[in-house]
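> The sequence and its predicted three-dimensional model are supplied below.
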Amino acid sequence: MKKFTLMLLACPIIAFSQQAANNTTALTTNVQQVAAMKWDNNNLIYRQLPGANLGVTSFEMMGNGKIAFLSDASNEVIIADQTTGNVLNRFALQFVPRDFVYDNGYFYILGENNVYAYSETGNLTATIPYPASYVGVERLARYNNSTYLLLPSGYSARIETDGQNVTPQGYLGWVTQSGNFVYTKLSGNTYSVKVLTTDGKIFDKSFTTDKKVGGVYVVGSTATEVVLDVQTFITESPIQVERHIVTIELNANGLGNITADSKVPDCYYVLSNKEISLMPNGTIMNMVTSPQGAYVFALTQINLDGKAQTYPASLLSTKYHFNDHLIAVDNK
Amino acid sequence: MKNITKKFLGIAAATLIVCQSFAQITRTQIHNNAIPFTTFSFTTTSGNLWSNVNCSAVGNVNSPSWVTVGKNSVGMPYCWGGFSSLASFTTGLTKGKSAGDNDCSTSGDCCESCALGVDCSGFVSRSWALTTKYSTTTLPSICTNYTSAMQVKQGDIFDLPGSHTRLVDTNYENGNFLLMESSAVDWKVSYRSYTTSQLSSYTPMYYVKVDTGATCITKYATLPYSTSFETNWMMDSCNQGAGRIPDKFWKSNIGGTTPNGDDYWHRDDYTGADWTTPTNGAYSPTASKGTYSARFHNDPPPAGSTGALDLYIDLSPAGSKTISFDYIHNESSPSPFAFNVLLSTDGGSTFPTTLMTITTAMVSTWTTQSCTTAATSATSVIRFVVTDKGTNDVGIDNLSIVKTPTGIDELSNNSNFEIYPNPTDGTILNGRFAETVTGHMDAHIYDMMGREVFAKNITVEGGNFSISLAERQLPTGTYMFVGIMNNSRYMKTVVVR
């Protein structure tokens, strides 16, 4: 595993700078690999099944040099050493997991009808049910000792607070780690962002792209920025998109300019629900899955005079999408 | 031999495509066909759980691990090549067949001779009410492609020929698509939502026999019209929303004000995607007449979302029409709030007339509201539009629009006559004339459908009269009192609570 990790780190480094179509302040994004794990039937399992290729659906940076992967191929949580990739602990789940978050020593894991809380050692400590009317929920969040479902409608539903299950209460926007709720809307080549701050302010701003917008998804927000996963169409039918991680300035007066825009490698080996997350310090984490394994990169912004690293050339040159490599169900 | 078989099957499949007749189907019907595959509950015996059992025709069969003996299992199991209906699945269980199959080492395991369930295209075929199973490769032959994924609507599919297909439940128009699929992710039919990136290479398409925008035809109700919103609400084919209209004479309309949330009117028991927390804000009782009512649910907040429900109605008969409905909004501090009944006489292009505004802060019990209009447009639209704070929902029920009983136009402003108590509890009704008159009066009471519910010749003494209504047990609602005496007609609206 170590050898494998080093191989990727040794890939040629190319200076990298992306700019948004408008409202852009030029910054350079530095990309640094922080974790990697190779597909391995004894560790991180890859499965090719009818309708989906599965491996890692979500990841969480646990701190203290540990990273956790949520596998929907083996239905388990795998905790690994960030540097070596060695598995430190793993525990099985009795359900098909969709997403998870790590908060205050516990994993909150999203299932089809419940959220389950597990200790780091794999003890189930709580089951948080949510109404059957919430179907197709793929993401969840924790904020202020509460558990929220992040609904595909762009809303959040709080289902638990301080260990007590609560009647779901909905909120406009996806809750983020800063307490801000962020809501997005699309219209042609424009997307609008609405931020509802913890002190009751509401900020709106629209942004224009050079291609038609296919989706804008909330990654997170801090007190000073909002990070989005912006997907624009290359072709609309069949669907082909390119993805950018976009950072927008946030201050007391509202939303400002786009301060960073990084294109994500077109490499998706398995179906994942959470590939991008925002750390409290503003670092963006991006998990990329390739035919070799799952890699996690830290994206930070540095001054233009700094020497920026980018994604490994091997990933940037790999055009791979799991949908193009599904089991041929009609032909076997 | 294998190739010959394959070739034969290919010809047979093509023949089926040619020979099968296709029936028109609505998006609501597709949805209603699909949902039971996600909620289907069944119980198995140990005979239904196969573990790597060789089925000579198709290879090994293995039941998925989520199906357990003796417990209610929920969701139609996945089975490669499967085309089980709910009924054939249940019947097959009694014959000891496997509940699903997750052994994908050989195709076509699910031939119904060994295992039961549906695969992705089997599920879509069932949802579209096809009589034979189509595959991911042959489904496009009965579909039309969209030019953009953003155009998909409920009942459409995202198809990846040769690999997989998914049925659309909701296009949130934000890049998230709520889909239903039979897949190996959880080995059953379930809901999943996907981003645009996750649907890479899929083609959005619709079944050629689905009712599309062509069914968005404006139909006008005729007088008298009444509803208490009891029947299942319909797909609004004009605005593409499931369960958004009480019948074909209505259209739903979101206000478009800020914030513009998913705030639509629905029957009060709605649990679909428009409402994320339907238990919040519910009122009690749920109806003033029957079991259900029309409910505007604004949740999640923030406050101030607007939704409109439009009734298209022909008001061309001459004379006044009375609009009556029951109303509830158990909200002590409702701001921001507005409830208006608006009128359009140009088919909904403009709504220049406000027929009624409810300003009362809190109406905690069902209360009858009524108003009149003299409009005579055959293309009238009555709009019920509410802007709500979002904590407690707004309900209406027992709606009627009737031609006001003859004579009301001329006499409704009669100021020499009054009725009391009004509202009345329905036991007694008193009348008083400004002048001291004595004689006999023919007294009639009509409900808002124009039906006579009371008629009696009564005595008027010294300008006063009294009518006992206790025996009539009039339901709560709005009525019209008509008294005829000395060749004069006296009319008043009476409310029974």
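It's in. Just so we're clear, the structure is a prediction, and the values are computed from it rather than from any experiment.
> residues contacting residue 61?
You didn't say which chain, so I picked chain A. A:M61 sits next to A:V34, A:I67, A:Q82, A:Y102, A:S277, A:M279, A:M285, A:V296 when contact means CB atoms under 8 Å, 6 or more residues apart in numbering or on different chains. C-beta here means a position set from N, CA and C on the backbone, and glycine is covered the same way.
> that's the wrong chain, I meant chain B
B:V61 makes contact with B:W50, B:N52, B:V53, B:N54, B:C55, B:S98, B:D101, B:D103, B:D109, B:C114, B:A115, according to CB under 8 Å, 6+ apart.
> which residues does it form a beta bridge with?
Per DSSP bridges, the residues bridged to B:V61 are B:V53.
> so what pLDDT did the residue of chain B found nearest chain A get?
As assessed by CB to the nearest CB, chain A sits closest to B:G175 within chain B, at 2.1 Å. Confidence at B:G175, expressed as pLDDT, is 95.
> hang on, the earlier thing: quick one: which of the contacts of B:V61 has the most company?
B:D101 (33 neighbours; other CB atoms under 10 Å in any protein chain shown).
> For the stretch 151-300 of chain A, what lies in contact range of chain B?
Taking CB under 8 Å from any CB of the partner chain as the contact definition, the stretch 151-300 of chain A meets chain B at A:151-157, A:167-172, A:184-186, A:194, A:196, A:202, A:212-217, A:231, A:233, A:236-241, A:243, A:268, A:271.
> quick revisit: just put the contacts of A:M61 in JSON lines and tack on neighbour count and pLDDT.
Converted to JSON lines, the contacts of A:M61 look like this (neighbours: other CB atoms under 10 Å in any protein chain shown; pLDDT from 0 to 100):
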{"residue": "A:V34", "neighbour count": "16", "pLDDT": "96"}
{"residue": "A:I67", "neighbour count": "26", "pLDDT": "97"}
{"residue": "A:Q82", "neighbour count": "19", "pLDDT": "93"}
{"residue": "A:Y102", "neighbour count": "23", "pLDDT": "98"}
{"residue": "A:S277", "neighbour count": "20", "pLDDT": "97"}
{"residue": "A:M279", "neighbour count": "15", "pLDDT": "96"}
{"residue": "A:M285", "neighbour count": "22", "pLDDT": "98"}
{"residue": "A:V296", "neighbour count": "22", "pLDDT": "98"}
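> Narrow those to those in strands?
A:V34, A:I67, A:Y102, A:S277, A:M285, A:V296 (DSSP state E).
> with those in mind, which one is nearest to B:S488?
Nearest to B:S488 among the ones in strands among the contacts of A:M61 is A:S277, at 80.6 Å by CB to CB.
> sorry, back to before: so which pair among the contacts of A:M61 is furthest apart in space?
Maximum distance among the contacts of A:M61 (CB to CB): 15.5 Å, for A:V34 and A:Y102.
> Tell me which residue is most central in chain A.
A:I276 (2.6 Å; CA atoms, centre = their mean).
> who's in contact with it?
A:I276 neighbours (CB under 8 Å, 6+ apart): A:V219, A:V227, A:D229, A:I245, A:V264, A:I284, A:M285, A:N286, A:M287.
> Surely the fifth one and A:V241 touch.
No. Distance between A:V264 and A:V241: 10.2 Å, which falls outside the contact criterion (CB atoms under 8 Å).
> between the two, which one's more packed in?
It is A:V241, of A:V264 and A:V241, that has more neighbours when counted by other CB under 10 Å, with 26 against 22.
> The residue of chain A found nearest chain B is in what secondary structure piece?
Across chain A, no residue is closer to chain B than A:G215, which sits at 2.1 Å (CB to the nearest CB). Here A:G215, judged by DSSP states H and E, is contained in strand A:213-221.
> picking up where we left off before, and which of the contacts of A:I276 is nearest to B:K209?
For the contacts of A:I276, the minimum distance to B:K209 (CB to CB) is 36.9 Å, reached by A:D229.
> any idea what sits nearest the closest one, other than its immediate chain neighbours?
Leaving out its chain neighbours, the residue that sits closest to A:D229 by CB to CB, 6 or more residues apart in numbering or on different chains is A:Y217, at 4.2 Å.
> Endpoints of stretch A:266-282, how far apart?
Distance across stretch A:266-282, first residue to last, is 24 Å (CA to CA, to the nearest Å).
> Show me the helices in chain A, by range?
A:2-9, A:313-316 (DSSP state H).
> can you give me the mean pLDDT across the longest one?
In this case it means helix A:2-9. 39.
> And for the last one?
Across helix A:313-316, pLDDT averages out at 92.
> hmm, that helix in reach of chain B?
No. Using CB under 8 Å from any CB, helix A:313-316 never reaches chain B; the gap is at least 15.9 Å.
> Tell me where the stretch 1-150 of chain A is predicted with low confidence.
A:1-27 (pLDDT under 70).
> The stretch 301-450 of chain B too?
B:301-304, B:361, B:405-415, B:449-450.
> if we go to 50?
B:407-413 (pLDDT under 50).
> which element is B:V460 on?
Assigned by DSSP H and E, B:V460 falls in strand B:452-460.
> The closest residue to A:T318 other than its chain neighbours bridge partners, please.
Spatial nearest neighbour of A:T318, excluding adjacent residues (CB to CB, 6+ apart): A:C267 at 4.6 Å. Per DSSP bridges, the residues bridged to A:C267 are A:Y320.
> can you pull the contacts of A:C267?
A:V288, A:T289, A:S290, A:L315, A:T318, A:K319, A:Y320.
> quick one: which of the residues you listed is nearest B:D274?
Using CB to CB, those come closest to B:D274 at A:T289, 34.6 Å.
> tally of neighbours for the closest one?
25.
> what's the closest non-adjacent residue to it?
A:Y269 (3.9 Å).
> how many other residues sit next to the one you found?
22.
> Also A:L149?
Neighbours around A:L149, by other CB under 10 Å: 28.
> got it, and B:P317?
Neighbours of B:P317 using other CB under 10 Å come to 12.
> And for A:S317?
12.
> Show me where the stretch 51-200 of chain B has its helices.
For the stretch 51-200 of chain B, the helices defined by DSSP state H, counting those that start in this stretch cover B:86-94, B:120-127.
> Is chain A within reach of the shortest one?
Yep, that's helix B:120-127 we're talking about. Yes. With CB under 8 Å from any CB as the measure, helix B:120-127 is seen reaching chain A through B:C120.
> Pull out the buried residues from that helix.
Judged by neighbour count (16 or more other CB atoms under 10 Å in any protein chain shown), helix B:120-127 contains these buried residues: B:C120, B:S121, B:G122, B:F123, B:V124, B:S125, B:R126, B:S127.
> burial count for the residue lying closest to B:W66 once chain neighbours are set aside?
Nearest residue to B:W66, sequence neighbours excluded (CB to CB, 6+ apart): B:W187, at 6.5 Å. Look at B:W187: counted by other CB under 10 Å, it has 25 neighbours.
> got the contact list for B:W187?
So B:W187 contacts B:P64, B:S65, B:W66, B:P77, B:Y78, B:G100, B:N102 (CB under 8 Å, 6+ apart).
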